[in-house]
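Novice: structure for this input, please:
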Amino acid sequence: MARKPPPTDPDPVLDMSPMIDLSFLLLIYFLVTSTLDPVEADLAMTMPSTQSGASSAEVEIDQMTVEVNAAGHIVLNDEVLDTDAEIREVPLLLDRLKTYAESAKLTNSKPMVIIAADDAAKSQRFIDVLNALADKSVNIRNVTITGFKEE
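Specialist: As a prediction, the model looks like this:
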């Protein structure tokens, strides 16, 4: 028997639809089997806004309480600072007030100080505290003056 020669097509055609199906199946396979690193997926951070006035939580500075007791000791927020009533300079108080004024300036808030003076305290010690508040390096102008008696 004689063999038949293979048929010859004038224009051979390659069907691309199985190749497209295979590429989509491979894509779906790799998408389904891949895992996301949980550290990179969602950090739940809120970044600061660059818009002016858009901060949702502004920092507020608490007010300071300066007490002058009957012995002439200066107490700042329950911390005894300057105890010698004969010396007019109050360097520890001045240092704390400078730090307080600078931090208030950084947060765009007004520094507020309450001066509570004992009725038996010398008035000169009270004036020393007022001079420290009016110092050029401190310059705190929001001051409330009250009196108290130690019991």
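
Novice: which strands and helices lie in contact with the helix or strand residue 66 falls within?
Specialist: Residue 66 is part of strand 64-68, with elements assigned from DSSP states H and E. Judged by 3 or more CB pairs under 8 Å, 6 or more residues apart in numbering; DSSP states H and E, strand 64-68 is in contact with strand 74-76, helix 91-106, strand 112-118, helix 123-133. Where you see a C-beta, it was placed from the backbone N, CA and C, and this is true even at glycine.

Novice: now do 7 Å
Specialist: Under the contact criterion of 3 or more CB pairs under 7 Å, 6 or more residues apart in numbering; DSSP states H and E, strand 64-68 touches strand 74-76, strand 112-118, helix 123-133.

Novice: what lines up beside the shortest one in the sheet?
Specialist: So the one you mean is strand 74-76. strand 64-68 (antiparallel), strand 79-80 (antiparallel) (DSSP bridges).

Novice: just the second one next, same as before
Specialist: In the sheet, strand 112-118 lines up against strand 64-68 (parallel), strand 142-148 (parallel) (DSSP bridges).

Novice: just those: most buried one?
Specialist: Mean neighbour counts were compared across the strands paired with strand 112-118 using mean count of other CB atoms under 10 Å; the top stretch is strand 64-68, at a mean of 21.

Novice: show me the contacts for residue 85.
Specialist: For residue 85, the set of contacting residues under the criterion of CB atoms under 7 Å, 6 or more residues apart in numbering consists of 71-72, 122, 125.

Novice: need the per-residue pLDDT for residue 151.
Specialist: Residue 151 is assigned 57 on the pLDDT scale.

Novice: ugh, wrong one, residue 97
Specialist: Reading off the per-residue confidence, residue 97 sits at a pLDDT of 90.

Novice: no more questions from me, cheers.
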